[in-house]
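Colleague: Turn this into a model:
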Amino acid sequence: MIVSGMSAVQAQLPYERDYPVMNYYEAGASGPVSELLQSINAGETTLEYDPQQGYLPALLELLDIDPSSQLLVFSKTARKGRFISPQTPRALYFNDEVYVGFVPDTPGLELAVMDPVLGPVFFELDRQRGEGALEVSRQNSVCLRCHDSLTNSGGGTPRFMMSSVLVNELGEIASHEVSIITNNSTPLESRWGGWYVTGFHGEQANLGNFTYQAGQSLADAELLSNGNRADLSDLLDTGNYLTPYSDIVALLVMQHQIEVQNVMTRVNWNYQQRLAENAQLQDGELEELARPLLDALLMANEAELGDSIEGVSGYSDYFQSLGPEDEQGRSLRDLDLQERVFTYPLSYLIYSDAFQSLPQALLRHLKTALHDILSGAQDHPDYPYLDARLRNEILAIVAQTSPGFFL
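Modeller: Below you'll find the predicted structure:
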């Protein structure tokens, strides 16, 4: 295996100037992707090469990523945009930490990982070499042109992204009537432009499976006629992909996940840099800095679902099976899919290495704030959806699935 070093372009990138304490370009990445690459390099692990899909199936198995998480994007909004179209969409697969991108008949797999220290880190793996060395390179300059929260203009942090755009039959952006980076507060009617969507969502429209015609008004588009699909077989040849789905529940879960991870990265980086500059933050400063992450963990400002949601790929069952569960079988991964995505509005990412690896003072502040909100006798004015029943149930789940979390 060949692992490429850092690009000379990194000296022109802003993180060295704005967040020198993070040492983003030089620090060695950690996490499951780095561990797998080290194992391959040491000859302890080999990737089986598939003639049709290269190293993708083997890589997903080794990274413990289930194929039911597959999502398909047909907008030309990725690095390999010239290969992407409604007939040849880019596939994404993910778990709690790793995202893998695959475009049929292209010379590489894209990997992104939520590094517990650095946040989002990007790699590319050459999957076309059925024999000989694998070429793996960490991608900084190219990926971060988009995967930076301020597009490398300064002051931003690395991020994962989901966009919604109006594209034509070639996958090209055809209108700016909708052209947004989505988040948990984005109404479903504005989500998933340029994405395929399988599953059922009742009468709530979205932009999935929709190609824009010149001069067309969204008000006239029969968006619902594109939705509520059991599979994608009538829209494209899915034989080049692991499944015929782009699951609506996986889309909802990934949106929540990347938002928490992005906010976690931004809060962590800002905290560490301010600490390096000021030695100590006052309580009010720490509260202000941590508040966006507290809101993300508690799913504040989440767009309400207008109708019930049902996935079709098996992802819902797979995701919920991951637990951990309390004695009553309850889990922070339990899905509601009626009024909101999750049954219990506290993110399962509190169990993640990235959350648990936050600086101790910041982590202690977040845990204390969560406990104060969840154990309060009265509804919290900033989180009115957390009624007494929900608060008690969430406290019980956390107490049994992560003993000592609030200590």
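
Colleague: Let me see the ranges of the strands in this protein.
Modeller: In the chain, the strands defined using DSSP state E lie at 2-4, 71-73, 90-94, 98-102, 109-115, 119-125, 135-139, 163-167, 173-181.

Colleague: need these in CSV with mean pLDDT, can you?
Modeller: Listed next are those as CSV, based on pLDDT from 0 to 100:
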stretch, mean pLDDT
strand 2-4, 42
strand 71-73, 98
strand 90-94, 98
strand 98-102, 96
strand 109-115, 94
strand 119-125, 90
strand 135-139, 71
strand 163-167, 92
strand 173-181, 80
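
Colleague: Would you tell me which one of these is buried the most?
Modeller: Comparing the strands of the chain by mean neighbour count (mean count of other C-beta atoms under 10 Å), strand 71-73 comes out on top with a mean of 26. (C-beta placed from N, C-alpha, C; glycine too.)

Colleague: what does that one contact?
Modeller: Under the criterion C-beta atoms under 8 Å, 6 or more residues apart in numbering, residues 84, 89-94, 194-196, 232, 241, 246-247, 250-251, 254 lie in contact with strand 71-73.

Colleague: picking up where we left off before, can you check which of the strands of the chain gets nearest to residue 356?
Modeller: strand 109-115 (12.3 Å; C-beta to C-beta).

Colleague: Residues in contact with the closest one: which ones?
Modeller: With C-beta under 8 Å, 6+ apart as the criterion, strand 109-115 contacts 29-34, 54-56, 59, 78-80, 96-102, 120-125, 127, 139, 143, 147, 160, 261, 352, 354.

Colleague: now the angle between strand 119-125 and that strand, please.
Modeller: 160 degrees (axes from the mean of the first three to the mean of the last three C-alpha atoms, to 10 degrees).

Colleague: Make JSON lines out of the strands of the chain and add distance to residue 209.
Modeller: Shown next, in JSON lines, are the strands of the chain (distance: least, C-beta to C-beta, whole Å):
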{"stretch": "strand 2-4", "distance to residue 209": "38"}
{"stretch": "strand 71-73", "distance to residue 209": "10"}
{"stretch": "strand 90-94", "distance to residue 209": "15"}
{"stretch": "strand 98-102", "distance to residue 209": "20"}
{"stretch": "strand 109-115", "distance to residue 209": "23"}
{"stretch": "strand 119-125", "distance to residue 209": "28"}
{"stretch": "strand 135-139", "distance to residue 209": "30"}
{"stretch": "strand 163-167", "distance to residue 209": "11"}
{"stretch": "strand 173-181", "distance to residue 209": "14"}
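
Colleague: among those, which is nearest residue 272?
Modeller: The nearest among the strands of the chain, by C-beta to C-beta, is strand 119-125 at 11.0 Å.

Colleague: Given the closest one, what are its sheet partners and their directions?
Modeller: Next to strand 119-125 in the sheet, as set by DSSP bridges, lie strand 109-115 (antiparallel), strand 135-139 (antiparallel).

Colleague: how about the helices of this structure, start to end?
Modeller: Along the chain, counting by DSSP state H, helices occupy 15-18, 32-41, 56-62, 248-278, 283-297, 315-321, 353-356, 360-375, 388-401.

Colleague: Which residues does stretch 268-286 contact?
Modeller: By C-beta under 8 Å, 6+ apart, stretch 268-286 touches 18-22, 119, 157, 289-290, 358-359, 361-362, 365.

Colleague: And stretch 54-61, by the same measure?
Modeller: Residues outside stretch 54-61 that contact it (C-beta under 8 Å, 6+ apart): 47-50, 66-67, 93, 100, 102, 109, 125, 127-128, 134, 242.

Colleague: Could you break the chain into its assigned domains?
Modeller: 2-145, 162-246, 262-401 (automatic domain parsing).

Colleague: What residues sit buried inside stretch 272-289?
Modeller: Neighbour-count burial for stretch 272-289, counted by 16 or more other C-beta atoms under 10 Å, picks out 272, 274, 275, 281, 286, 289.

Colleague: now those residues in TSV, with pLDDT and distance to residue 380?
Modeller: Below are the buried residues of stretch 272-289 laid out as TSV (pLDDT from 0 to 100; distance: C-beta to C-beta, whole Å):
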residue	pLDDT	distance to residue 380
272	94	28
274	91	27
275	89	28
281	81	23
286	92	19
289	94	19
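
Colleague: Save these as JSON lines, and put in distance to residue 166 too.
Modeller: JSON lines is the format used below for these (distance: C-beta to C-beta, whole Å):
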{"residue": "272", "distance to residue 166": "39"}
{"residue": "274", "distance to residue 166": "40"}
{"residue": "275", "distance to residue 166": "43"}
{"residue": "281", "distance to residue 166": "43"}
{"residue": "286", "distance to residue 166": "42"}
{"residue": "289", "distance to residue 166": "36"}
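
Colleague: Which member of those is positioned nearest residue 310?
Modeller: Using C-beta to C-beta, those come closest to residue 310 at residue 289, 39.0 Å.

Colleague: Report the contact partners of the closest one.
Modeller: 267, 270, 271, 274, 281, 362.

Colleague: ok, which pair from the residues you listed is furthest apart?
Modeller: 267 and 281 (11.9 Å).

Colleague: returning to what we had before: out of the domains of the chain, which gets the lowest mean score?
Modeller: Looking at the domains of the chain, the lowest mean pLDDT belongs to domain 2-145 (a mean of 82).

Colleague: Could you give the separation of that one from the chain centroid?
Modeller: 14 Å (C-alpha atoms, centre = their mean, to the nearest Å).

Colleague: Go ahead and flag the most central residue of the chain.
Modeller: Nearest residue to the geometric centre of the chain (C-alpha atoms, centre = their mean): residue 258, 3.2 Å.

Colleague: Give me the nearest residue to that residue, chain neighbours excluded.
Modeller: Nearest residue to residue 258, sequence neighbours excluded (C-beta to C-beta, 6 or more residues apart in numbering): residue 160, at 3.9 Å.

Colleague: Also residue 94?
Modeller: Residue 94's closest residue in space is residue 69 (C-beta to C-beta, 6+ apart), at 5.2 Å.
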